[in-house]
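A.B. asks: sequence first, then the predicted structure, then my questions.
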Amino acid sequence: MILTFNINPVGKTGAADALPSRADSGQLFQAISSPIWLHGALLLEEAKQDTEIQRLIAKCTATLDQCPGYLVKNNVLFYQNRVVISRHSKFIPALLHEFHVTATGDHSGFYRTYRRLAANVYWLGMTSTIKKYIRECDICQRCKASSVLPGGLLQPLAIPDLIWEDLSMDFIVGLPPSKGFTVVLVVVDRRPPSVFQFVPGEIRVESVARELQDRDEALKQLKHHLADAQGTMKLRADKKRRDVQLSIGEWVYVKLKPYRQLSVTSRIHQKLAAKFFRPFQIIDKIGPVTYKLLLPATSKVHPVFHVSLLKKAVSGSTETVLPPELDMAESPHLFPQTVLATRDTKNGLDFVEQWLIHWQGQAIDDASWEDAEWVKNQFPDFSLEDKTDIEGAGNDTNHVGPKELLVYSRRAKVQSG
């Protein structure tokens, strides 16, 4: 530590202002804290060895007007009543850590960190040093939310000309069981329905030929309007985005949501969790706005990310660590072991049954509430009757209550006298 704080109680007679007072009020006390420099002598010794500070002392001693703001007292240089220390002092990193990382600094921004430091010491280039230190702070980069526009301009899909040229695939989940399946894979060909193009001279019936010409013109206009609509959408969307270009070999922070199970969508104090995870190196550029990262071999997540989920790391590379929920190293697949309790949670007008699951290989403190229907679908071999550890050994205890019914009735008319 560079400094410590001395707290002195100061007495004050009478009640504090803006508080209810009494005639027999006693003596109140208020605490005044002031820093005590533990290595003040070493800082002054470094200043004596610094040629730049000694040159300023000599200049201020000879002509005071040439050094506005500076003052020499007992051969010690002050700037606006602050002690001037060497810009190469070995204690500057400790000072920055004390006023930014510890509870005193609380990872504040540049202005507050600068004001705390500027109230005590000064060195040449102090502003740029503090800015650089805060930009490279790993905790600030991982935990503070970004205040800039999301990266990545909108990339409209090209209008296909051939069948099966552009496909879209998606899974529809949460369906009622049908022959043991609850998920449907949907594959869609993005090309409009194919029709034969009209060739002049092949159709001898004039009315039919005219209809085919009108049809081809309508399809041409449709494609043109689709392109115009895409351009308008891109123009409006890009007003709230910014173009971000990254290079292969750079290090970036990744925004992830490390949920232990798919149905768990909230954690205690989730807003205090890190927004980004430690920097990973870019190894390939897949598309205009997608990049492939070098993730650990035990990672569960796909290594390709949209640029909006990436934030360029200011400092160099550090140890790449994923949250435990996304790391497969020595982490077997979770399987329900015991149902500790059940409850009904209200979802709109309905009640959803949930189970407090104790997972195999996990502590009881890591038990989580899961939807009963989700557990049955994900783990069909899990038997509730054999693995229930709640009072009554059933699945209908600890319920909130019966389903609440809303009954409406017409209000009686008020008879006039």
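C.D. replies: Received the coordinates, thanks.
A.B. asks: restricting to C-alpha, output stretch 151-159 in CSV.
C.D. replies: The C-alpha coordinates for stretch 151-159 follow below in CSV (Å, rounded to 0.1, in the frame of the first residue of the first chain):
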residue,chain,number,x,y,z
GLY,A,151,-21.4,-3.2,-34.3
GLY,A,152,-22.2,-4.8,-37.7
LEU,A,153,-24.1,-3.3,-40.5
LEU,A,154,-27.2,-5.1,-41.8
GLN,A,155,-26.4,-7.7,-44.5
PRO,A,156,-29.6,-8.3,-46.6
LEU,A,157,-29.9,-11.7,-48.2
ALA,A,158,-29.6,-11.7,-51.9
ILE,A,159,-32.7,-12.5,-53.9
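A.B. asks: what does that stretch contact?
C.D. replies: For stretch 151-159, the external contacting residues (CB atoms under 8 Å, 6 or more residues apart in numbering) are 166, 190, 223, 226-227, 230-231, 233-234, 237-238, 241-244, 287-289, 306-308, 310. From N, CA and C alone the C-beta is placed, and that goes for glycine too.
A.B. asks: mind checking how far it is from the chain centre?
C.D. replies: Counting by CA atoms, centre = their mean, to the nearest Å, stretch 151-159 is centred 24 Å from the centre of its parent chain.
A.B. asks: among the contacts of stretch 151-159, name the ones in helices.
C.D. replies: Members of the contacts of stretch 151-159 lying in helices (criterion: DSSP state H): Lys223, Leu226, Ala227, Gln230, Gly231, Met233, Lys234, Ala237, Asp238.
A.B. asks: just send the residues you listed back as TSV, with neighbour count too.
C.D. replies: Converted to TSV, these look like this (neighbours: other CB atoms under 10 Å):
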residue	neighbour count
Lys223	13
Leu226	13
Ala227	13
Gln230	15
Gly231	11
Met233	12
Lys234	15
Ala237	13
Asp238	14
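A.B. asks: and the helices in this structure?
C.D. replies: Using DSSP H, helices in the chain cover 40-49, 51-62, 92-100, 110-118, 126-135, 138-143, 206-238, 372-378.
A.B. asks: how far away is the nearest residue to Asp238 once chain neighbours are set aside from Val244?
C.D. replies: For Asp238, ignoring the flanking residues on the chain, the nearest one in space by CB to CB, 6 or more residues apart in numbering is Leu153 at 5.1 Å. Distance from Leu153 to Val244, counting by CB to CB, to the nearest Å: 9 Å.
A.B. asks: overlap of the contact sets of those two?
C.D. replies: Common neighbours of Leu153 and Val244 (CB under 8 Å, 6+ apart) are Val289.
A.B. asks: okay, those two: which has more neighbours?
C.D. replies: Set Leu153 next to Val244 and count neighbours by other CB atoms under 10 Å: Val244 wins out with 17 against 14.
A.B. asks: the domain parsing of this structure - what is it?
C.D. replies: 3-15+25-135, 158-194, 198-241, 251-326, 334-412 (automatic domain parsing).
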